[in-house]
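Colleague: Coordinates for the following, if possible.
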Amino acid sequence: MECISVFDMLKIGIGPSSSHTLGPWRAAERFVRALKESGKLDRVSQVRVLVYGSLSLTGKGHATDLAILMGLSGADPERIPIEEVPRILSEIRTSSFLKLGGIRQIPFREAEDLRFLRKFLPFHANGITFEALTEGKQLFKETYYSIGGGFVVTKKQESGHKKEAVFETFPCPIHSGAELLAYCQEKKLSVSELVWTNELTLRSPKEIDQGLQRIWNTMLESMYDGCHSPGELPGGLRVRRRAPELYEKLKGDHPYSTPGEWLDSIRNTEVRFRQILKWVSCFAIGVNEVNAALGRIVTAPTNGSAGVVPAVLMYYLVIENHQAGFDQIRQFLLVAGEIGSLFKKGATISAAMGGCQAEIGVSAAMAAGALTELMGGSPEQVLCAAEIAMEHHLGLTCDPIAGLVQVPCIERNSMGAIKAINAAELALDSDPAAAKVPFDKVVQTMWETARDMNSKYKETSQGGLAVGVNLSDC
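Modeller: Residues are numbered from 1 along each chain as shown. This is a model prediction of the structure:
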């Protein structure tokens, strides 16, 4: 049984892509760690990297090259100051040397030592091979697969279902919506209470709260930064950042100087009915503009869909319940993480495997279920909301123009957040027993749809809008 923590589903990282940026970054870190643990790091004189499949086809637009160099250098994507990234990259590219693991300086000629191949490896669409050499002879070699949401595995790991000891300790191991409901009914717990019980086997209550507070702080900061950073996004499409313009039209006159004060200022701003959806769009778009600009965000469950969950949580805090605090934030994140894990176990959260339904669709389901519990919904209604949200994202393709996580990705976060709120409202006014589509059936259908989908619609920029839009007009 694969048990996944909420902290696996909600990771702090750097944009623009969890599978194409955070995953390769973590893979490079694992490669360096393996060299250290085997005692071979001090013998390395050269490193070669081969990037395959979807990682190769859209890697440059998704900053895969950046991520690999940063990971090999020993930088932590969760904690490194954002302003340090360009400096480190410039040093590597100017000197043609990198400090492997931050310790051993080796020559690294990017054009020769980092190659993007169009070939797909049979195991997964996102493959990346690292090879360490000493005096021209192979010292160590490993292939990693970035399987979505920042998760990285080797073929051996995945074949063994990742049966690490830490994953076998949950008192209530959950693999399906039916199992989740059975545990909730048996123990008379809400979804968030049940997830809390499982998380306690991995961390203390204080550690869980500190971790979730840090996740929320990062989400809030990304919304704040997105609403206060005008200009164009990098990458060549000349996409204008819209969140600041939206925010200027919506904001009140309450002063603030920090993200926390900003939240209070919005709560104190009169919001007319017609503005509610604009506020939600502003929050979602703001996060993903930060993501597209290689800023720090929270994968939820991916970078490309990072705006949905925080936008819906922000909606609850500034529209539905001005008295809500950390207790409600904790509750929301626990539910969202659990729903995301069910899609990862039963289907995929990788756009390279399932298209954008695996990103925006899953994030909308996560947010819808979490909002439903905060609004007083039962566990059955929580899963009903998640099902509704995913049902109306089935078949959504991943077709980023120029391989950039910008068009149509950013707007899709806005649409996903709005659908999540609608799904929650529908579920709260429905009898789950009368639902025609069970949650587990929509998970199964999403995976079947993913397998049937043509590969050109799976984060390759070889179909859909990616080829239908003339770049000269952008």
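Colleague: can you map out the helices along the stretch 201-350 of the chain?
Modeller: Assigned by DSSP state H, counting those that start in this stretch, the helices in the stretch 201-350 of the chain fall at 205-227, 243-250, 259-267, 276-292, 308-315, 326-346.
Colleague: So which of these is the most surrounded?
Modeller: Most buried of these, by mean neighbour count (mean count of other CB atoms under 10 Å): helix 308-315, with a mean of 29. The C-beta positions use only the backbone N, C-alpha and C, and glycine is treated the same way.
Colleague: counting contacts, what elements does it pack onto?
Modeller: helix 205-227, helix 276-292, helix 326-346, helix 360-374, helix 409-428 (3 or more CB pairs under 8 Å, 6 or more residues apart in numbering; DSSP states H and E).
Colleague: Next, the angle from the first one to helix 308-315.
Modeller: For the pair helix 205-227 and helix 308-315, the angle between their directions (axes from the mean of the first three to the mean of the last three CA atoms, to 10 degrees) equals 90 degrees.
Colleague: Helix 205-227 packs against which elements?
Modeller: Looks like helix 205-227 contacts helix 6-9, strand 11-14, helix 243-250, helix 259-267, helix 276-292, strand 296-299, helix 308-315, helix 326-346 (3+ CB pairs under 8 Å, 6+ apart).
Colleague: Mind listing residues that contact the third one?
Modeller: Spelled out, that is helix 243-250. Outside helix 243-250, the residues that touch it by CB atoms under 8 Å, 6 or more residues apart in numbering are 226-230, 269, 275, 278-279, 281-282, 285-286, 289.
Colleague: thinking again about what came up before, could I get the helices of the stretch 201-350 of the chain as CSV with distance to L383 and mean pLDDT?
Modeller: Formatted as CSV, those follow (distance: least, CB to CB, whole Å; pLDDT from 0 to 100):
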stretch, distance to L383, mean pLDDT
helix 205-227, 22, 98
helix 243-250, 32, 97
helix 259-267, 29, 97
helix 276-292, 23, 97
helix 308-315, 17, 98
helix 326-346, 8, 98
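Colleague: Out of the ones you listed, the one nearest Q406 is which?
Modeller: Evaluated over the helices of the stretch 201-350 of the chain, closeness to Q406 peaks at helix 276-292, with 5.0 Å, by CB to CB.
Colleague: now the closest one against helix 243-250, angle please.
Modeller: Using the same axes, to 10 degrees, helix 276-292 lies at 150 degrees relative to helix 243-250.
Colleague: ok now helix 276-292, how far from the chain's centre?
Modeller: In terms of CA atoms, centre = their mean, to the nearest Å, the centre of helix 276-292 is found 15 Å from the chain centre.
Colleague: again with stretch 201-217
Modeller: How far stretch 201-217 lies from its chain's middle: 18 Å, per CA atoms, centre = their mean.
Colleague: Repeat that for stretch 327-344.
Modeller: In terms of CA atoms, centre = their mean, the centre of stretch 327-344 is found 13 Å from the chain centre.
Colleague: please renumber so the chain begins at 22
Modeller: Renumbered: residue one is now 22, and that last one reads stretch 348-365.
Colleague: Break the chain into its domains for me.
Modeller: By the assignment in automatic domain parsing, the chain contains the domains 38-180, 186-494.
Colleague: Would you mind finding the most buried of those?
Modeller: Among these, ranked by average contacts under mean count of other CB under 10 Å, first place goes to domain 186-494 (a mean of 21).
Colleague: picking up where we left off before, turn the contacts of helix 264-271 into JSON lines, including distance to R472.
Modeller: Shown next, in JSON lines, are the contacts of helix 264-271 (distance: CB to CB, whole Å):
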{"residue": "G247", "distance to R472": "35"}
{"residue": "C248", "distance to R472": "39"}
{"residue": "H249", "distance to R472": "42"}
{"residue": "S250", "distance to R472": "39"}
{"residue": "P251", "distance to R472": "42"}
{"residue": "T290", "distance to R472": "46"}
{"residue": "Q296", "distance to R472": "41"}
{"residue": "K299", "distance to R472": "38"}
{"residue": "W300", "distance to R472": "38"}
{"residue": "S302", "distance to R472": "32"}
{"residue": "C303", "distance to R472": "36"}
{"residue": "I306", "distance to R472": "31"}
{"residue": "G307", "distance to R472": "34"}
{"residue": "E310", "distance to R472": "32"}
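Colleague: so which of those comes closest to K462?
Modeller: For those, the residue nearest K462 by CB to CB is S302; the value is 30.5 Å.
Colleague: Show the contacting residues for that closest one.
Modeller: Contacts of S302 by CB under 8 Å, 6+ apart are L267, A332, S435, A438, I439.
Colleague: Now with 10 Å, please.
Modeller: R263, A264, L267, L271, G328, A332, E432, N434, S435, M436, A438, I439 (CB atoms under 10 Å, 6 or more residues apart in numbering).
Colleague: could those go into a markdown table alongside distance to V173?
Modeller: What follows is the contacts of S302, written out as a markdown table (distance: CB to CB, whole Å):
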| residue | distance to V173 |
| --- | --- |
| R263 | 33 |
| A264 | 31 |
| L267 | 35 |
| L271 | 39 |
| G328 | 23 |
| A332 | 27 |
| E432 | 29 |
| N434 | 24 |
| S435 | 29 |
| M436 | 29 |
| A438 | 28 |
| I439 | 32 |
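Colleague: Let me know the closest of those to G416.
Modeller: Top of the list for closeness to G416, among these and by CB to CB, is M436 at 14.4 Å.
Colleague: With C430 as the reference, measure out to that closest one.
Modeller: Distance, M436 to C430, using CB to CB, to the nearest Å: 11 Å.
Colleague: what touches both of those two?
Modeller: Shared contacts of M436 and C430, counting by CB under 10 Å, 6+ apart, come down to I381.
Colleague: so how far is L417 from C405?
Modeller: According to CB to CB, C405 and L417 sit 20 Å apart.
Colleague: which residues touch the nearest residue to Y165 once chain neighbours are set aside?
Modeller: Setting aside the residues directly before and after it, Y165 is nearest to A48 in space (CB to CB, 6 or more residues apart in numbering), at 3.9 Å. Applying CB under 10 Å, 6+ apart, we find A48 in contact with 70, 76, 88-89, 92-93, 147-151, 163-167, 173-175.
Colleague: how does it look with 8 Å?
Modeller: I89, G92, I149, F151, Y165, S167, V173.
Colleague: Which ones among those residues map onto helices?
Modeller: Secondary structure assignment by DSSP state H places I89, G92 of these in helices.
Colleague: Looking at the contacts of A48, which is nearest L31?
Modeller: If you rank the contacts of A48 by distance to L31 using CB to CB, V173 comes first, at 16.5 Å.
Colleague: wait, what's in contact with that closest one?
Modeller: G44, R47, A48, R51, Y165, Y166, S167.
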